[in-house]
Every structure is written in C-alpha cells, then in structure tokens.
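In: Need a 3D model of the following:
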Amino acid sequence: MTNAKKTRTRLSPEVRKDLILDHAASVIDVEGVSALSMERLGREAGISKSLVYAYFPSMKGLLQTLLKREYRRLRLLQTEAAESAETFEQLIRRVTATYLTYMEERGLILDRLAAEPSLSDHGDPTEYSREKSVTYFAEIVRDNFGIDMSVALPALDISFGMPAAAGHYLTRHDVSRQTIEDITVTMIIGSIEALQQKYKTSLKPLVKPKTDT
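Out: Okay, here's the model as predicted:
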C-alpha cells in the first residue's frame, strides 16, 4: 500500500492576495473591523502571519485594498448593467438596481470599512472612478436630451449621490429594495426631464458613448 504524500498547492500572488481579502471581508461582515488581525487572517487563510505581512505590510493598507476592490467590483457590475440598457429609463433603473442589490449583499462590509478613521478619505462608493462615470452619463444626457455639457455635468455629478443615499437608507430601514429603487429612479429621471423642459429640447432614441472596459 502506497502512502500518498500531502502536497500544498502553490497559489499565484494575486490569487493568494484575493483569498486573504476574502477572509478579511468575511470577518468584517460578521464581527466588524475590530475583530480583524494579521494573526487571525493567517489562521483563516491557512498561512503564517508573516506571509500575510508579506502581501500586506500594514492593516491600513489591507483595508484600503479591500475597500477599493469592493468599489471596483461594484463599478464593473454597474458598467455591465448600463451597457445592456436600451432606453434611458432602463439605463438608470438597471444601474440603480445593481447598486442597491450590491448594498444589500455587501453594504455592511462597506459601511464598516467606511467608518474606519484611517479610511475616511475612501468612504464614499460613488467616488471610485466617479469622474469617468459622471462624464459617461453626462454625455448620454447631452446626446439624448440635448442638454449642454455645462449643465449635464453638474446635474449628473449631483445625481450620482442619489443611489448612495438610497443605499444608505436601505441598509438602515425596514423597507423593500424595490420601493427604494422606484423612488430613486423617479427622482433621477424627473430631474433630467425638468432640465429638458427648462432648456426646451426634444427627446431622442437612446445613444450611449463607447467605454474603455
């Protein structure tokens, strides 16, 4: 009878980093940031504490990386939702629904990370790639509603905060996600329609600019 030797799978640095971040997210979701330590992460990931430090020299750096990863994933999902839309209302609804669904599933992690003093400059999920996203939506409003970019840009920058406020409300109140989605979409579309009326422009078929994804 041959004794099979146990072999440890060698993971690539990127895969290992992602696994460490996954374990960190799980601990934060259940117990909060204060329950996290490099030693515990090592135990959870089945590696030594020194190896955790090799990938993340400080807890602050690890938390910042985790927060950026969460924002990046959210933004990619929203981009996919936007690209599948065929009307302006679909566009706003799908992007909003994606955001609210993500907040239902991951919002506690984001809230707890954002509450950390060391991450105070990274606490708004709408700030990640915000300028590029605002420009993208402003161009859609310009091309479909005939609203000049000098108005479309600030209008969309302001509207960008609505889903974040909606997500914040959703995670703190006993209300259905669908209700919050409907309210948010109505407010965003209503504001654009009001601008359209003010500037006497006509509605066109949905036109979306190309994105670098």
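In: could you pull out the helices for this protein?
Out: 13-31, 38-45, 49-55, 59-83, 88-114, 130-145, 149-159, 161-170, 177-198 (DSSP state H).
In: In CSV, list these along with mean pLDDT.
Out: Shown next, in CSV, are these (pLDDT from 0 to 100):
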stretch, mean pLDDT
helix 13-31, 93
helix 38-45, 93
helix 49-55, 94
helix 59-83, 91
helix 88-114, 91
helix 130-145, 89
helix 149-159, 92
helix 161-170, 89
helix 177-198, 93
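In: Now mean neighbour count too, for these, in JSON lines please.
Out: All C-beta spots, glycine's among them, are computed from the backbone N, C-alpha and C. Converted to JSON lines, the helices of the chain look like this (neighbours: other CB atoms under 10 Å):
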{"stretch": "helix 13-31", "mean neighbour count": "16"}
{"stretch": "helix 38-45", "mean neighbour count": "17"}
{"stretch": "helix 49-55", "mean neighbour count": "16"}
{"stretch": "helix 59-83", "mean neighbour count": "17"}
{"stretch": "helix 88-114", "mean neighbour count": "19"}
{"stretch": "helix 130-145", "mean neighbour count": "18"}
{"stretch": "helix 149-159", "mean neighbour count": "17"}
{"stretch": "helix 161-170", "mean neighbour count": "18"}
{"stretch": "helix 177-198", "mean neighbour count": "16"}
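In: Go ahead and flag the most central residue of this structure.
Out: L74 (3.1 Å; CA atoms, centre = their mean).
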